[in-house]
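Chemist: What follows is a predicted structure for the sequence shown.
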Amino acid sequence: MLVLAGGGLLMLLVVLAVAAPLYAGDPEALDPFIRLQPPSGEHWLGTDNLGRDVLARTIYGARISLIVGLMSAFLAAIAGLTIGIIAGYLRSFDNLIMRVMDALMSIPTFLLAIALISLTGPGIGILIFAVALPETPSVSRLVRSVVLSVRERPYVQAAICGGARLPKVMLRHILPSTFAALMVQSATVCASAIMTEAGLSFLGVGVPPEIPSWGNMIASSRLYLATAPLTVLAPGVFLAITVLAVNLLGDGLRDLFDPRSRSR
Amino acid sequence: MQVQEITGDDVLLDVRNLETHFFSEGSVTRAVGGVSFQVRKGETLGVVGESGCGKSVTSLSILRLLPKLTARTVGGEVRFRGRDLLKLSEGEMRKIRGDKIAMIFQDPMTSLNPVYTVGRQIAEAVEIHTGASRTEALAKAEEMLRLVRIADPERRVKNYPHEMSGGMRQRAMIAMALACSPELLIADEPTTALDVTIQAQILRLIVDLKERTGTAVMFITHDLGVVAETCQRVIVMYAGRIVEQASAVDLFARPMHPYTKALMRSVPDRRRGKERRLPEIPGIVPSLREAVIGCSFAPRCPRATKVCREKTPVLEEQGQDHAVACWHAHEVVSA
């Protein structure tokens, strides 16, 4: 049920964002004569301080949020999975790897992301990396804990007993058992990545200002909150809905993979 | 007289003075303390003893499957067809596992990977050791399922473990273990997790397959009934040592160690009548953390004397292929 609600909502947002050029207006078209206008037939959600269409910008903003959110979650999942499996299975690396992860975890997300972006200058690529990096330790910890319990299961012992090599044991018998936990965690990471991206853009270190993103829309319109509230509310509400959709999907996945947690 | 050594081509596995210790913060647990025994080609050797006596650790030591960080085989030799397994490289050892020596585990519910079909898991061992293609290996898996008498093997190879019953899964495990025609099959309590009727079927299957394939079987169990039904020779273990070793017939007719005798007495017997309480062995298994002085069974033994508490008895030949580690072995027999 939750999976359907969350997944459906997310799919809807993805379709809206992908199909934006087909129906939404130009998000970058300036018109100084119609600054900060209330909703009208032409501009459904009004215009911002430079006379740009709020609806068009909000919808194009979804592209950034979704791309950054999904890509960072994917990146963090792949990195965390690799690190977690190595740490969990090859115990001699465990201590070293996990202490590095602890160190990474102790650096505040925003600080780390801002530091990384200031090294290269703003851009989508570095933004995705900067959002994914601080999320990696939590994924790797989770994967490691799953690996630690799975490696002791008799079927893993049986595989080793059957003469299987280490990579085979890891890829065929341990890796699949981590997927359930990994998918649930990835959804959480995705939600938090979307929030981080919005935060970074709000601070002006995320996507370059000419690209519409919810974070920098809120940042540039916050001064006009009293006169044109929709300029802030529209991206804010979309941000909330997106994060909610991803979280619902994550909770739904958790229930699906672990039926025991449903009663709680 | 020391235990008579069987030599020649007859011996498949020759374990000498095997010692395995577990290490945990500051303490050493002597799980297996100097065990020597042989498995001859094609025979079934029973290894009996209560929980924690070192039966399973012995078998894991043979296959070198002990947890690396906590356990180590500190002494002895494990000669398999003349080669000391303890000296082989990990790569050479891998070639032996599953191919020459295979193992069946206790719990069929968890010994199969839930995410692959049973056929693929059997095929995996075949692919590793014979270099067969996937299709050939799957055909072999089907043939093995037929051999272990699983009905409808064409369909069952495509089943996932959860689609099978416990007895069927244990049959599948046996199929997996025998897929590469090993020379030695180690069965670690293969029937403990199954209910009684299925137990009998599985036992019969193992005995039957053993006879057909000529595989030697090392049967680890705590069930004397199983031993009586399946084994030619028996080793009785107590606190990490072998206390008695004999042919099955001889052991049941003439148990010489007080522990063996006590074990047999604590098997329920229909003829004994309802009113009599089942005898138990008083006391508990000694901690393996402290070095044992004297006979480790002495604190629980009704016949223990001064010598038992001071000197550790060694396994000595007491008759035709019957060895026992007890200072009072002859009194036990005559009692």
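Modeler: Perfect, thanks for sending it. None of the values given here were measured: they were computed from a predicted structure. Numbers count the residues shown, from 1 in each chain, chains lettered A, B, ... in the order given.
Chemist: before we move on, which element is B:Thr29 in?
Modeler: Element membership of B:Thr29 [criterion: DSSP states H and E] is strand B:27-40.
Chemist: Buried residues, that strand. List them.
Modeler: B:29-40 (16 or more other Cβ atoms under 10 Å in any protein chain shown). Every residue, glycine included, has its C-beta placed from N, CA and C.
Chemist: How far does it sit from its chain's centre?
Modeler: 12 Å (Cα atoms, centre = their mean, to the nearest Å).
Chemist: which residues touch the residue of chain B found nearest chain A?
Modeler: The minimum distance from chain B to chain A, using Cβ to the nearest Cβ, falls at B:Gly98 (3.6 Å). Applying Cβ atoms under 8 Å, 6 or more residues apart in numbering or on different chains, we find B:Gly98 in contact with A:161-164, B:125, B:128-129, B:177, B:180, B:182.
Chemist: Let's have those residues in JSON lines, adding distance to A:Arg172 and secondary structure.
Modeler: Output for these, formatted as JSON lines (distance: Cβ to Cβ, whole Å; DSSP: H, G, I helix; E, B strand; the rest coil):
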{"residue": "A:Cys161", "distance to A:Arg172": "14", "secondary structure": "helix"}
{"residue": "A:Gly162", "distance to A:Arg172": "11", "secondary structure": "coil"}
{"residue": "A:Gly163", "distance to A:Arg172": "13", "secondary structure": "coil"}
{"residue": "A:Ala164", "distance to A:Arg172": "8", "secondary structure": "coil"}
{"residue": "B:Ala125", "distance to A:Arg172": "12", "secondary structure": "helix"}
{"residue": "B:Ile128", "distance to A:Arg172": "11", "secondary structure": "helix"}
{"residue": "B:His129", "distance to A:Arg172": "16", "secondary structure": "helix"}
{"residue": "B:Ala177", "distance to A:Arg172": "18", "secondary structure": "helix"}
{"residue": "B:Cys180", "distance to A:Arg172": "18", "secondary structure": "coil"}
{"residue": "B:Pro182", "distance to A:Arg172": "21", "secondary structure": "coil"}
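Chemist: re the thing from before, in its sheet, what does the strand holding B:Thr29 sit against?
Modeler: Applying DSSP bridges to the sheet, strand B:27-40 is found paired with strand B:11-24 (antiparallel).
Chemist: Identify the residues contacting the strand it pairs with?
Modeler: With contact meaning Cβ under 8 Å, 6+ apart, strand B:11-24 is reached by B:28-41, B:54, B:57-58, B:61-62, B:66, B:70-81, B:183-184, B:216, B:218.
Chemist: Kindly recompute the last result at 6 Å.
Modeler: Under the criterion Cβ atoms under 6 Å, 6 or more residues apart in numbering or on different chains, residues B:28-41, B:57, B:61, B:70-71, B:73-80, B:183-184, B:216 lie in contact with strand B:11-24.
Chemist: same thing with stretch A:204-220?
Modeler: For stretch A:204-220, the surrounding residues in contact (Cβ under 6 Å, 6+ apart) are A:27, A:57, A:60-61, A:64-65, A:114, A:117, A:122, A:127, A:197-198, A:200-202, A:232, A:235, A:239.
Chemist: Next to chain B, which bits of chain A? Give me the list.
Modeler: Applying the criterion Cβ under 6 Å from any Cβ of the partner chain, the portion of chain A that neighbours chain B consists of A:153-155, A:158, A:161-163, A:173, A:176.
Chemist: mind showing which ranges of chain A have poor pLDDT?
Modeler: A:259-264 (pLDDT under 70).
Chemist: buried sites along the longest helix belonging to it?
Modeler: With DSSP state H applied, the helix covering the greatest number of residues in chain A is identified as helix A:54-89. Within helix A:54-89, the residues scored as buried using 16+ other Cβ under 10 Å are A:54-77, A:79-81, A:83-89.
Chemist: same check, this time on stretch B:154-165
Modeler: Using 16+ other Cβ under 10 Å as the test for burial, stretch B:154-165 gives B:156-157, B:159-161, B:164.
Chemist: Point out the ones among those residues that are inside helices.
Modeler: Among the buried residues of stretch B:154-165, the members that lie in helices (by DSSP H) are B:Arg156.
Chemist: Mind picking the one among the buried residues of stretch B:154-165 that's closest to B:Ala137?
Modeler: Out of the buried residues of stretch B:154-165, the one with the shortest distance to B:Ala137 is B:Val157. That distance is 10.6 Å, counting by Cβ to Cβ.
Chemist: Mind listing what's buried along the host helix or strand of A:Arg141?
Modeler: Assignment of secondary structure by DSSP H and E places A:Arg141 within helix A:124-150. Residues A:124, A:126-144, A:146-147, A:150 are the ones in helix A:124-150 that count as buried (16+ other Cβ under 10 Å).
Chemist: What ranges does the stretch 51-200 of chain B have for its helices?
Modeler: Here the stretch 51-200 of chain B has its helices, by DSSP state H, counting those that start in this stretch, at B:55-63, B:90-96, B:118-130, B:134-147, B:153-156, B:166-178, B:196-213.
Chemist: Figure out which of those helices is closest to B:Arg277.
Modeler: With respect to B:Arg277, and counting by Cβ to Cβ, the nearest of those is helix B:196-213 at 22.8 Å.
Chemist: That closest one: how far from the chain's middle?
Modeler: For helix B:196-213, the distance to the chain centre is 16 Å (Cα atoms, centre = their mean).
Chemist: now the closest residue in space to A:Ala113 that isn't next to it in sequence: how far from chain B?
Modeler: Once flanking residues are discounted, A:Ala113 sits nearest to A:Ala130: 3.9 Å by Cβ to Cβ, 6 or more residues apart in numbering or on different chains. Using Cβ to the nearest Cβ, to the nearest Å, one gets 35 Å for the distance from A:Ala130 to chain B.
Chemist: tell me the contacts of A:Ala130?
Modeler: Counting by Cβ under 6 Å, 6+ apart, A:Ala130 makes contact with A:113, A:116-117.
Chemist: Sitting in strands, which of the residues you listed do you find?
Modeler: Members of the contacts of A:Ala130 lying in strands (criterion: DSSP state E): none.
Chemist: Now intersect these with the helices, please.
Modeler: Secondary structure assignment (DSSP H) places A:113, A:116-117 from the contacts of A:Ala130 within helices.
Chemist: Can you flag the buried ones in the residues you listed?
Modeler: Looks like the ones in helices among the contacts of A:Ala130 have A:113, A:116-117 buried, using 16+ other Cβ under 10 Å.
Chemist: Distance to B:Val226 for those - can I get that in a markdown table?
Modeler: Below are these laid out as a markdown table (distance: Cβ to Cβ, whole Å):
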| residue | distance to B:Val226 |
| --- | --- |
| A:Ala113 | 63 |
| A:Leu116 | 64 |
| A:Ile117 | 68 |
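Chemist: Next, find the distance separating B:Met264 from B:Leu224.
Modeler: Between B:Met264 and B:Leu224 the distance is 6 Å, computed by Cβ to Cβ, to the nearest Å.
Chemist: neighbours around residue 111, how many?
Modeler: Went with chain A since none was named. 10 (other Cβ atoms under 10 Å in any protein chain shown).
Chemist: actually it's chain B I care about, not the one you picked
Modeler: 26.
Chemist: Mind pulling up the pLDDT for the nearest residue to B:Lys41 once chain neighbours are set aside?
Modeler: Nearest residue to B:Lys41, sequence neighbours excluded (Cβ to Cβ, 6+ apart): B:Leu12, at 4.9 Å. At B:Leu12, the pLDDT value in this model is 93.
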